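In: Mind folding the following:
(chains A and B)
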Amino acid sequence: MLTFIIRRLLIVIPMLLVISFLVYLGLELTPGDAVSHMIDPEAASQMSPAQFEALREALGLNKSFLERYATWVYNMLHGDFGRSLSGGVPISEIFLDRLPATLELSFLALLFSTVIGCSLGTISALKRGTATDSSLTVIGMLGVSIPEFFFGLVSILIFALHLRWLPVGGRLMPGYETFLDRAPHIILPALVLSLMMTAGVMRYSRAAMLDSLSREFIRTARSKGLPEWRINFVHGFRVALTPVVVLIGFRLPTLIGGSVIIEEVFQWPGIGSEFIGAVRGADYPLVMMIALFSVFAVLMASLIVDVLTAIIDPRVRLS
Amino acid sequence: MANSALNRKFDRIRALEEAGELKPLTGSRALRKMMNNRLAMVGVVIFLIILLSAIFAPLLTAHSPTKIDLRSMLQSPSGEHWFGTDKTGRDVFARVLYGGRVSILVGLGSALLAALIGVGVGCYTGYKGGILDVIALRVSEIFMSFPQIILVLLLVSIAGQSLANLIVIFVLTGWGGMYRLARARMLSLREEEYVQALRSFGISTPMICYKHILPNALGPIMVNITLTTAMFILAEAGLSFLGLGVPLNIPTWGNILNVAKDLRVLQNNWWMWLPVGMVISLFVLSVNFIGDGLRDSTDPSQQG
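Out: Numbers count the residues shown, from 1 in each chain, chains lettered A, B, ... in the order given. Presented below is the predicted three-dimensional model:
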């Protein structure tokens, strides 16, 4: 097992290094120079070229490109991600500030999509070939066809503006401290975010369930005279569940991508809306760091999925 | 009983057969299967209706999609303006039709270009193997380890907003999937005996890959092109909705939806965003139906 993890890490680490190198290259090529962002224009206009040069030297900007890259990576490993261009806030602080909101939203969306997707997929598989099955298939197709932000807009119109059951957006209100107080804010964005993934999970769990129902142990269970519900839900579902649970990790890129737009629609103060703000404001360091961070998250998720699969299915380890 | 219904159907077929009325089947088997797939045919019809009405937009509406008419601002749908007018008096129906041209061009065009590059590279390197294959594989891995929308936004922030940039960015982010698919097919097809025979005749490598092997891998590639088209149309709509896709002066489906960010518009002027959102959904749905039908008719192992 350990050798398997090490082997996987040997693939992931060079990958991260290459991507971080490209990101750093991008940072260097984008307009603007670290010095001009660090001092305010008033002071800069009164500085002589010699003073500029001294400052550049002190900041290590005159070193070779590779040396600067090495310093940058070293700093990152020590928690220094550089500064955002707007206001010079340390990027690590922005992460700490915004990440909880995004994690909260993603986790709930993951939960919704898994529960709803698995149950609909199972129903679809148990009733295969019937009208229920085909209408669920069509609904699933609709789920991946409606732009999620459009779905978000319609749900805002219905549940927030007309029925006034739920708030339009945002996350925190003054005086509302606990998660339960904030719960109404998260329901709509989490449901909308889970929509696209639900359809995928449904499709996958339907196929997994059909596969598991055609196995021989199901016939054995039936021949033992077990009640039908027990065969389906205890024997069949358990085997079908394994690949579906593993699929969660692969949904992470979709989740990150989806949350970018959904956070903007619902004014959810997470990493996604921060990212869009940074793209709009041409805040390159922040854009690059969030992108790098998302790659890191995706690679780590796929690593975890690989390890999980290897634990569940020993055949994977050997190949 | 489903069983007896099936029996009756077969009895009917046998009766036809004995009467000599059944002709031997001609034409492509995949095409016939596709024609019998009801959802896929519904998809083709919706797809054609939306595509043709976008192409022949000038015949369907007399209004211009960009002409500002301050005397008819914010009108609700009427006989004159089918989908009403927007804040500057532009006809929304005309904007949806003309916007469809750009949105479909971006979606379909990017998907086809991405397929051209991905399949072109994947076919050759997958067949040849060696160092070229390793390099192409690593490069595609780098592109694919970014969540798609993050990479698109990153590139938009560097390259700036324009229609051409958006297509290039979509192609850059979309070729990886096509490449992987083509390469995987090539790896299994290149071991076939007919390929060995071709090689022993001394036929050149590009000829073998592109003329003799590629046609056998076309089924899954076509399926992937349709699914990628759907993905790009959704991505364009999302980006333009954020105001980061196609520049706002060009009407596209996403740019029309952009106004719905304003809550007052969302609540009071439904005609400005609801119809276009439904058109996008219908179009993407039809493309997905077609893709699913193609998959069922070209790949028997995927049927469930």
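In: hey, where'd the helices end up in the stretch 151-300 of chain A?
Out: Ranges of helices in the stretch 151-300 of chain A, per DSSP state H, counting those that start in this stretch, are A:179-213, A:216-223, A:228-230, A:237-250, A:252-265, A:271-280, A:284-312.
In: Tell me which of the ones you listed lies nearest to B:A19.
Out: helix A:179-213 (38.7 Å; C-beta to C-beta). Yep, even glycine has a C-beta here, placed from its N, CA and C like the rest.
In: does any part of the strand or helix carrying B:S103 sit near chain A?
Out: Assigned by DSSP states H and E, B:S103 belongs to helix B:92-128. No: Helix B:92-128 stays out of contact with chain A when judged by C-beta under 8 Å from any C-beta of the partner chain, the minimum separation being 11.2 Å.
In: which stretches of the chain have low pLDDT?
Out: By default, I'm working from chain A. Scanning chain A with the threshold set as pLDDT under 70 gives A:31-47, A:56-62, A:168-181, A:239-246, A:249-250, A:312-319.
In: Not quite, go with chain B.
Out: Scanning chain B for pLDDT under 70 picks out the ranges B:1-3, B:22, B:24-27, B:72-74, B:79, B:81, B:299-304.
In: For the residue most central in space within it, which non-adjacent residue is spatially closest?
Out: Closest to where the C-alpha atoms of chain B average out (C-alpha atoms, centre = their mean) is B:T229, at 2.3 Å. In space, and not counting its chain neighbours, B:T229 is closest to B:A111: 4.2 Å by C-beta to C-beta, 6 or more residues apart in numbering or on different chains.
In: Now for the one you found, how many residues are close by?
Out: Using other C-beta atoms under 10 Å in any protein chain shown, B:A111 is surrounded by 25 other residues.
In: Contact partners for it?
Out: Contact analysis of B:A111 by C-beta atoms under 8 Å, 6 or more residues apart in numbering or on different chains lists B:174, B:225-226, B:228-229, B:232.
In: Would you mind checking which of those is nearest to B:L198?
Out: B:I225 (26.4 Å).
In: Could you count how many residues lie near residue 48?
Out: Going with chain A. The number of residues near A:S48, taken as other C-beta under 10 Å, comes to 8.
In: that's the wrong chain, I wanted chain B
Out: 11.
In: Which element, helix or strand, includes it?
Out: Assessed by DSSP H and E, B:L48 sits inside helix B:38-55.
In: right, is that helix up against chain A?
Out: Yes: between helix B:38-55 and chain A, judged by C-beta under 8 Å from any C-beta, the touching residues are B:L39.
In: So for that helix, what gets flagged as buried?
Out: By neighbour count with 16 or more other C-beta atoms under 10 Å in any protein chain shown, helix B:38-55 contains the buried residues B:39-40, B:42-44, B:46-47, B:50-51, B:53-54.
In: what separates the residue positioned nearest the centre of chain A from A:G152, distance-wise?
Out: Compute the mean C-alpha point of chain A, and by C-alpha atoms, centre = their mean the closest residue is A:I256, 2.8 Å away. The gap separating A:I256 from A:G152 is 17 Å, by C-beta to C-beta, to the nearest Å.
In: and if you look at A:R7?
Out: 42 Å.
In: and these two? which has more neighbours close in?
Out: Ranked by neighbour count (other C-beta under 10 Å), A:R7 and A:G152 place A:G152 first, with 24 against 11.
In: tell me the contacts of that one?
Out: Shown in contact with A:G152 (C-beta under 8 Å, 6+ apart): A:188-189, A:192, A:262, A:265-266.
In: Adding distance to A:D283 and neighbour count, write those out as a markdown table.
Out: Formatted as a markdown table, the contacts of A:G152 follow (distance: C-beta to C-beta, whole Å; neighbours: other C-beta atoms under 10 Å in any protein chain shown):
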| residue | distance to A:D283 | neighbour count |
| --- | --- | --- |
| A:L188 | 28 | 24 |
| A:P189 | 24 | 27 |
| A:V192 | 27 | 26 |
| A:I262 | 21 | 29 |
| A:V265 | 21 | 26 |
| A:F266 | 22 | 28 |
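In: Closest to B:S140 out of the residues you listed?
Out: Within these, distances to B:S140 taken as C-beta to C-beta reach their minimum at A:I262, with 28.0 Å.
In: if I look at the closest residue to that closest one other than its chain neighbours, how far off is A:L157?
Out: Counting by C-beta to C-beta, 6+ apart, the nearest residue to A:I262 once its immediate chain neighbours are dropped is A:L193, at 4.7 Å. Between A:L193 and A:L157 the distance is 18 Å, computed by C-beta to C-beta.
In: more crowded one of these two?
Out: Remark: of A:L193 and A:L157, A:L193 carries more neighbours, 31 against 19, as counted by other C-beta under 10 Å.
In: what does stretch A:153-164 rub up against?
Out: Applying C-beta under 8 Å, 6+ apart, the external contacts of stretch A:153-164 come out as A:165-169, A:188, A:191-192, A:265-266, B:257, B:260, B:263, B:266-267, B:270, B:273-274, B:277.
In: Keep only those of those residues that are in strands.
Out: Using DSSP state E, no member of these sits in strands.
In: how near is B:K33 to chain A?
Out: 17 Å (C-beta to the nearest C-beta, to the nearest Å).
In: Can you pull the domain assignment for chain A?
Out: Chain A is divided into the following domains under automatic domain parsing: A:2-77, A:91-312.
In: where does the longest one sit relative to the chain's centre, distance-wise?
Out: Pointing back at domain A:91-312 there. Its chain's average C-alpha position is 10 Å from that of domain A:91-312, according to C-alpha atoms, centre = their mean, to the nearest Å.
In: what's stretch B:284-295 in contact with?
Out: Contacts for stretch B:284-295 (C-beta under 8 Å, 6+ apart): A:141-142, A:144-147, B:34, B:37, B:39-47, B:50, B:219-220, B:222-223, B:226-227, B:229-230, B:233-234, B:302.
In: Contact partners for the residue nearest to the centre of chain A?
Out: By C-beta under 8 Å, 6+ apart, the contact list for A:I256 reads A:106, A:272, A:294, A:297-298, B:147, B:150.
In: And the residues you listed, which is closest to B:G89?
Out: B:G89 has its nearest neighbour among those in A:G272, at 34.6 Å by C-beta to C-beta.
In: ok, the closest one - how many residues close by?
Out: By other C-beta under 10 Å, 28 other residues sit near A:G272.
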